[in-house]
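Asker: have a look at this fold, sequence not included:
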């Protein structure tokens, strides 16, 4: 994806699904992560980046959150939680697809945050993604803010 780099800069691995390599995930030097799911020859990307404001971590997500890319999102959110953020804000304005696997990642991280007495919010949900959150009732489980 991005030329070879030193072990200190990159921790690169491949996840396997069904015996075929479908995801390649690697951190970029800027701290962003990229997950690529090859679906019938078409690369579907998931880009993750963050900003920290005191105890608040804002994670910006762009792309599709599905079976192939959800593990990268889970790892990235877990890293932010491990850094000690007391409020996790997941900005999904750039998300074009959110399937049940992605919903599971969000609910799982919410449980981790609440178990530690912390908070998690989801912001920037666009119509298609907001509809999934409403249909599943997750808009009532954790605080969700839509794009206006």
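Answerer: Arrived safely. All values reported here derive from a predicted model rather than from experimental measurement.
Asker: need the helix or strand of this structure with the lowest average pLDDT.
Answerer: When each helix and strand of the chain is scored by mean pLDDT, DSSP states H and E, strand 13-17 comes last, with a mean of 31.
Asker: and residue 110, how far from residue 102?
Answerer: Here the distance between residue 110 and residue 102 works out to 13 Å (C-beta to C-beta, to the nearest Å). All C-beta atoms are positioned from the backbone trio N, CA, C, and that covers glycine.
Asker: please disregard the earlier target; I meant residue 58.
Answerer: When C-beta to C-beta is applied, the distance between residue 58 and residue 102 equals 18 Å.
Asker: ditto for residue 94
Answerer: 13 Å.
Asker: compare the two and say which is more crowded by neighbours.
Answerer: Here residue 94 and residue 102 are compared on neighbour count by other C-beta atoms under 10 Å; more neighbours surround residue 102, at 24 against 14.
Asker: thought that one was touching residue 74?
Answerer: No. Contact between residue 102 and residue 74 fails when scored by C-beta atoms under 8 Å: they sit 9.4 Å apart.
Asker: following element in sequence after the longest helix that the chain contains, please.
Answerer: What stands out as the longest helix in the chain, according to DSSP state H, is helix 100-115. Counting by DSSP states H and E, the element after helix 100-115 in chain order, helix or strand, is strand 119-125.
Asker: what packs against that following strand?
Answerer: Based on contacts counted as 3 or more C-beta pairs under 8 Å, 6 or more residues apart in numbering; DSSP states H and E, the elements that strand 119-125 packs against are strand 87-98, helix 100-115, strand 143-146.
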